[in-house]
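Q: generate a structure from the sequence data that follows.
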Amino acid sequence: MNSLEFCNLPLEELNLVLKSRMNEHRYAHSLNVAERAVFLAEKYGADPEKAEFAGLVHDICKGIPNEEQLSIIENAGIRLDEDTLKSPALWHSVAGAVYCEHEIGVTDEDVLNAVRYHTSGRGNMSILEKVVYMADLTSAERNYPDAEYTRNLTDYSLDEGIAYGVRWIAGDLERRGFPKGKDTGALLEEYKNVEITFEERK
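A: Okay, here's the model as predicted:
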């Protein structure tokens, strides 16, 4: 991948920026998401290089303090809805999109949206957004309950993977006492009638 097609940093410098902003585990996760995003992009018709780049940078603000994430968002003139303000785990995605645009020169709107909505999802996502959303949820090191099933399901059907994934995420948020937010709610509504036909469970 030539990162200069998407930002103003060559890949070596971009990786140095990522390593300076996240711990070793988060950086390894980013590499895994990039790799998984390429696989899903090739399978489902997204641009593999855009998917790889978006997967690599999707957590570029994950490792910084919440207060700094919120400051980046507010300084960009973005007003978060009340539910998102109550869910700091969502802030890094919005801050990451802002950082990518203003600090490393990303101009591709689809890439910026893939970063912005990789955690919450949203209604009417592009194919690239869907690929990065599910690459993050099913990257190689993920080991939450049903992670392997979700990976296999996503390999079988991207839409079934999203339907299963967003239902799992919404349920997990509810169990932990967090609001799902309007974007996750919109995705949940869009996929509410998608039937899970994949039966393999390991």
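Q: what's the longest helix in the protein?
A: helix 24-44 (DSSP state H).
Q: now it: how far from the chain's centre is it?
A: Relative to the chain's own centre, helix 24-44 is displaced by 10 Å; criterion: CA atoms, centre = their mean, to the nearest Å.
Q: what sits against residue 52?
A: Residues near residue 52 by CB atoms under 8 Å, 6 or more residues apart in numbering: 1, 34, 35, 37, 38, 41. C-beta coordinates here come from the backbone N, C-alpha and C atoms, glycine included.
Q: name the residues of the helix or strand of the chain with the lowest mean pLDDT that are buried.
A: Sorted by mean pLDDT, DSSP states H and E, the helices and strands of the chain end with helix 82-85, the least confident at a mean of 87. For helix 82-85, the neighbour count (16 or more other CB atoms under 10 Å) marks 83, 84 as buried.
Q: check stretch 79-94 too.
A: 80, 83, 84, 87, 90, 91, 92, 93, 94.
Q: what's the neighbour count on the nearest residue to residue 8 once chain neighbours are set aside?
A: Using CB to CB, 6 or more residues apart in numbering and skipping the chain neighbours, the partner closest in space to residue 8 is residue 105 (3.6 Å). For residue 105, the neighbour count with other CB atoms under 10 Å is 12.
Q: close enough to count as contact, residue 105 and residue 3?
A: No: contact criterion CB atoms under 8 Å: residue 105 and residue 3 do not qualify, at 10.4 Å.
Q: would you map the helices across this structure?
A: Using DSSP H, helices in the chain cover 11-21, 24-44, 48-57, 66-75, 82-85, 91-103, 109-116, 127-137, 147-156, 158-175, 181-190.
Q: tell me the mean pLDDT over the second one?
A: For helix 24-44, mean pLDDT is 97.
Q: what's the answer for stretch 1-8, then?
A: The pLDDT scores in stretch 1-8 average 95.
Q: before we move on, back to that, got a list of contacts for the least confident helix or strand of the chain?
A: With CB under 8 Å, 6+ apart as the test, helix 82-85 has contacts from 90, 91, 94, 120, 179, 180, 181, 182, 183.
Q: repeat that with 6 Å
A: Contact with helix 82-85 is made by 90, 179, 181, as judged by CB atoms under 6 Å, 6 or more residues apart in numbering.
Q: so how far is residue 199 from the most centrally placed residue in the chain?
A: With distances taken as CA atoms, centre = their mean, the residue of the chain nearest its centroid is residue 118 (2.2 Å). Remark: distance between residue 118 and residue 199 (CB to CB, to the nearest Å) = 28 Å.
Q: same deal with residue 27?
A: Where residue 199 is concerned, residue 27 sits at a distance of 36 Å (CB to CB).
Q: neighbour count winner among these two?
A: Legend: neighbour count by other CB under 10 Å for residue 27 and residue 199, higher for residue 27 (18 against 8).
Q: output stretch 115-133 as PDB - backbone C-alpha positions only.
A: In PDB, the C-alpha atoms belonging to stretch 115-133 read as follows (Å, rounded to 0.1, in the frame of the first residue of the first chain):
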ATOM      1  CA  VAL A 115     -12.700   5.700  10.500                       C
ATOM      2  CA  ARG A 116     -15.500   7.800  12.100                       C
ATOM      3  CA  TYR A 117     -18.100   5.000  12.200                       C
ATOM      4  CA  HIS A 118     -15.900   1.900  12.700                       C
ATOM      5  CA  THR A 119     -17.100   1.500  16.300                       C
ATOM      6  CA  SER A 120     -20.700   2.700  16.200                       C
ATOM      7  CA  GLY A 121     -21.600   1.800  12.700                       C
ATOM      8  CA  ARG A 122     -24.500   3.800  11.100                       C
ATOM      9  CA  GLY A 123     -27.400   3.400   8.800                       C
ATOM     10  CA  ASN A 124     -26.700   3.200   5.000                       C
ATOM     11  CA  MET A 125     -22.900   2.600   5.400                       C
ATOM     12  CA  SER A 126     -20.800   2.400   2.200                       C
ATOM     13  CA  ILE A 127     -19.200  -1.000   1.400                       C
ATOM     14  CA  LEU A 128     -15.900   0.400   2.700                       C
ATOM     15  CA  GLU A 129     -17.400   1.400   6.000                       C
ATOM     16  CA  LYS A 130     -19.000  -2.000   6.400                       C
ATOM     17  CA  VAL A 131     -15.700  -3.800   5.600                       C
ATOM     18  CA  VAL A 132     -13.800  -1.700   8.200                       C
ATOM     19  CA  TYR A 133     -16.600  -2.000  10.800                       C
END
